[in-house]
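In: Build the 3D model from these lines:
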Amino acid sequence: MAEQLKDILVRGTAWGGKLRVFATRMTNTVEEMRVRHQMFPTATAAIGRTSIVAAIMGAMLKGKERLTIQVKGDGPIGQIVVDANADGEIRGYVDHPQAHHASNEHGKLDVAGAVGTSGNIYVTKDLGLKEPYSGSVPIISGELGEDFTYYFSVSEQTPSAVGVGVLVDVDNSVIHAGGIIVQVLPGLSDEELTHLEQAVAALPPVTTLLDQGETPEGIIKWLVGDDFKIHDEMEIRFQCKCSRDRVSTTLLSIGADELQSIIDEDGQAELVCHFCNEKYHFDKEQLEQLRDQARSS
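Out: Numbering: from 1, shown residues only. As a prediction, this is how the structure comes out:
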């Protein structure tokens, strides 16, 4: 079963170094997001596609660098937010995980209808510099694969082909999730570019290839043939940075007066992490301790 396979991402070059290639299988990671946020199928497909691109973009980073993708469309699921870093760690959420959207005319999950066809995609990269890098493009289709292809071309000036897919079962669980991104490097001839465009057009859906047992390396081979070299492989996993200490710090930051108001009105507090849906409960005594700490600081 594909669910028992490790989530991995491979990266390399092809055609004598004229292409940069990335492919990933992320079934478990997307399934964990679905379970944590109790998502309905279309929201699962939307955050899955975004997360696949985020993981690959994270693999383009180095060291402690990280990035955030925000998809702000006018569809019923609202905003999609995904964080990724260079270590293969992913986390994300959608505003309305249970917004339902009927299938499109092809009988497929209507991701564009759920995301919306108007709005913007924002990418913010923390590269350890004084100011983060920010890029944005308008949503052009809402299917997300085309939208990120457009993002790479316009915002990063890197001609790219993006193929992402999420296959959801009748019980809403994720059967397959994965993707491929191929980027054109200097030196590619017009003839080779035409050949690449034809290969991209002929590529089966990534989820079809995964269903046939293909690995990420096998997906690359489907697209570029035998002339490629894998440089490294990394594991992809869901990982949130939240903790009780961080939530306590957030509560401290609102100040003693506000904490006293919570104590007087509710006698307890429960904070929920947007990214992982983890709940942190603070009883009256714990809130009083934080209040006293806020007063003394």
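In: just checking, next helix/strand downstream of the longest helix that the chain contains?
Out: Across the chain, the longest stretch assigned as helix under DSSP state H is helix 41-59. Next in sequence after helix 41-59, counting helices and strands by DSSP states H and E, comes strand 66-73.
In: show me the contacts for Gly128.
Out: Taking C-beta atoms under 8 Å, 6 or more residues apart in numbering, we find Gly128 in contact with 63-65. Glycine gets a C-beta too; all of them are placed from N, C-alpha and C.
In: And these, which is closest to Ser297?
Out: Lys64 (28.5 Å; C-beta to C-beta).
In: Distance of the nearest residue to the closest one once chain neighbours are set aside relative to Asp264?
Out: Leaving aside its chain neighbours, Lys64 sits nearest to Gly128 (6.5 Å; criterion: C-beta to C-beta, 6 or more residues apart in numbering). For Gly128, the distance to Asp264 equals 43 Å [C-beta to C-beta, to the nearest Å].
In: same check, this time on Ala201
Out: On the measure of C-beta to C-beta, Ala201 and Asp264 end up 64 Å apart.
In: got a list of contacts for stretch 216-231?
Out: 8-16, 19, 21, 23-25, 161, 178, 180, 182, 196, 199-200, 203-204, 206, 209-210, 214.
In: Make a ChimeraX selection of the buried ones in those residues.
Out: This is how ChimeraX selects the buried members of those, with burial counted by 16 or more other C-beta atoms under 10 Å:
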select :8,9,10,11,12,13,14,15,19,21,23,24,25,161,178,180,182,196,200,203,206,209,210,214
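In: So which of the contacts of stretch 216-231 sit within strands?
Out: 8-14, 19, 21, 23-25, 161, 178, 180, 182 (DSSP state E).
In: now, which of the residues you listed sits nearest His101?
Out: Within the ones in strands among the contacts of stretch 216-231, the smallest distance to His101 is 22.4 Å, found for Gly178 (C-beta to C-beta).
In: Was I right to think that closest one contacts Arg25?
Out: Yes: Gly178 lies in contact with Arg25 (C-beta atoms under 8 Å); the separation is 4.5 Å.
In: can you list residues touching both of these two?
Out: Contact criterion C-beta under 8 Å, 6+ apart; residues bridging Gly178 and Arg25 by contacting each: 210, 216.
In: For Lys125, give its distance to Ile140.
Out: 22 Å.
In: Look at these two and report which has more neighbours.
Out: Lys125 (19 against 15; other C-beta atoms under 10 Å).
In: Please name the bridge partners of that one.
Out: On the basis of DSSP bridges, Lys125 is bridged to Leu67, Tyr133.
In: And the pLDDT for it?
Out: Looking at Lys125, its pLDDT is 95.
In: Isn't it up against Leu61?
Out: Yes: if you go by C-beta under 8 Å, Lys125 and Leu61 touch, sitting 7.2 Å apart.
In: who touches both of these two?
Out: Leu67.
In: spatially speaking, which residue is in the middle of this protein?
Out: What sits nearest the mean C-alpha location of the chain, by C-alpha atoms, centre = their mean, is Ser51, with 1.6 Å.
In: In contact with that residue, which residues?
Out: Here Ser51 is in contact with 26, 29-30, 33, 82, 84, 90, 92 (C-beta under 8 Å, 6+ apart).
In: Can you pull out the low-pLDDT segments for the stretch 101-250 of the chain?
Out: Across the stretch 101-250 of the chain, residues meeting the criterion (pLDDT under 70) sit at 102, 104-107.
In: now the helices for it?
Out: Ranges of helices within the stretch 101-250 of the chain are 111-115, 145-154, 190-202, 206-211, 216-224, 244-253, based on DSSP state H, counting those that start in this stretch.
In: What are the buried residues along the longest one?
Out: Okay, so that is helix 190-202. 196, 200.
In: Now tell me what touches it from outside.
Out: Contacts of helix 190-202 (C-beta under 8 Å, 6+ apart): 15, 18-19, 161, 163, 182, 184, 188, 223-224.
In: at 7 Å instead, please
Out: With contact meaning C-beta atoms under 7 Å, 6 or more residues apart in numbering, helix 190-202 is reached by 15, 18, 161, 184, 223-224.
In: Tell me the one of those nearest Glu258?
Out: Proximity of the contacts of helix 190-202 to Glu258 (C-beta to C-beta) peaks at Ala161, which lies at 50.4 Å.
In: was I right about the closest one contacting Tyr150?
Out: No: between Ala161 and Tyr150 there is no contact under C-beta atoms under 7 Å: 11.6 Å.
In: tell me, how many neighbours does Cys273 end up with?
Out: 18.
In: Please name the nearest non-neighbouring residue to Asp292.
Out: Ala256 (7.9 Å).
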